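Peer 1: Following is a predicted model, sequence given first.
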Amino acid sequence: MDERIQRYRAAGLRAVEFQLRYQQPDGAYTWEGFVKDAYHKQPYSWGVAGFLGNVHRLLNWVKANTLQPDGQLRDYSGDVYKLSWFFQGAHRAGRFDISHPVMRFLLSCQATCGGFPHFARDERLRVLPSAWVGVSALYFGRADVAKRVAEWCVSVLDQQRDEKRFCYCTTRDGKLLTADVDPKALFVDFTRPGQCYWEIGLPWMLMGRLYQATGEGKYLDLAKRFFETHLRCYEDAFSFTGSGKSSLAAAIHYLNTRDERARDAVCTFCDYLVRTQNAEGSWKVGAAPNPPLLIYIDAAAEFNVWLQENAGILASEK
């Protein structure tokens, strides 16, 4: 296992080195010709790999140029999911001058039923931003917010009606959006590969984190429910680029329970990343034959997080 863990860490460091090629002299991570909301994962990714100087340079630039009075970031259009990524990186780096206003904005987006929209003004709520903000709220010491998110996530699970699907959006009052309610309903199809596995992995992660934060056994039981749901997914559920969030959920579950199935899931995903990393240090995501540079940068940022976090938890076995 030691050699395996070292391979995970080394792959993550190559991913960070690839990202750092594009940081600008003033610390920025936007440049002419590319979208301007490309830096939300970098503080977390660089920080967990030990590149805190680069993190602070980027955050200094953000504070001076894109942080808005209400806690949003300019050009992010109220993207709750991306802002939650940014919050976690800034908060872990101790940049409370930035993380606190961002979190105040995020908290203002919670619906009365407990869930969050992907974008602040969306009419539908989605598991992806909801559970990620729930995890962020725990970093912020707001277990009350995380618990409300957890209740909403459980209601999503309880409302499932098709054993071959996991629908992951609701109305603002918490009613599950299924195909018979909304022809555009979004769902994970258990019979097909390449699905949005994070929509099950993130609430699984949230339950594990809530168990750690509160010691309440019900959250461990709920984590087990989401794990069992995840195991019903297609056989690539832990060997696909969309499985990263699920891999950290599995690592946390293993830390909490010592369930070896969860540990095996972690290794399956990390081995997949090591095997598929390209020479530059990133990964190809999506079906496009020649994806833009942004896709590679985003993948490198996120996948380093899972490699480093998972390697750390696996190393704690010693």
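Peer 2: The structure has been received and is ready for your questions.

Peer 1: So which bits of stretch 306-318 are buried?
Peer 2: By neighbour count on 16 or more other CB atoms under 10 Å, the buried set for stretch 306-318 is 306-311, 313-314. Glycine gets a C-beta too; all of them are placed from N, C-alpha and C.

Peer 1: Now do the helix or strand where Ser130 lies: which elements does it pack against?
Peer 2: Following DSSP states H and E, one finds Ser130 within helix 127-139. Where contact means 3 or more CB pairs under 8 Å, 6 or more residues apart in numbering; DSSP states H and E, helix 127-139 is packed against helix 80-92, helix 96-107, helix 143-158, helix 198-214.

Peer 1: mind running it again at 10 Å?
Peer 2: Where contact means 3 or more CB pairs under 10 Å, 6 or more residues apart in numbering; DSSP states H and E, helix 127-139 is packed against helix 80-92, helix 96-107, helix 143-158, strand 169-170, helix 198-214, helix 244-257.

Peer 1: Dump the buried residues of stretch 306-318 to CSV, plus pLDDT and distance to Ser155.
Peer 2: Formatted as CSV, the buried residues of stretch 306-318 follow (pLDDT from 0 to 100; distance: CB to CB, whole Å):
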residue, pLDDT, distance to Ser155
Trp306, 98, 28
Leu307, 98, 33
Gln308, 98, 33
Glu309, 98, 28
Asn310, 98, 29
Ala311, 98, 34
Ile313, 98, 29
Leu314, 97, 33
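
Peer 1: Among those residues, name the ones in helices.
Peer 2: Those of the buried residues of stretch 306-318 mapping onto helices are 306-311, 313-314, per DSSP state H.

Peer 1: and these as a markdown table, adding distance to Pro289?
Peer 2: Output for these, formatted as a markdown table (distance: CB to CB, whole Å):
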| residue | distance to Pro289 |
| --- | --- |
| Trp306 | 25 |
| Leu307 | 26 |
| Gln308 | 30 |
| Glu309 | 31 |
| Asn310 | 30 |
| Ala311 | 32 |
| Ile313 | 36 |
| Leu314 | 35 |
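
Peer 1: and Trp306, what does it touch?
Peer 2: Residues in contact with Trp306 (CB atoms under 10 Å, 6 or more residues apart in numbering) are 8, 12, 45, 48, 243-248, 251, 266, 269-270, 273.
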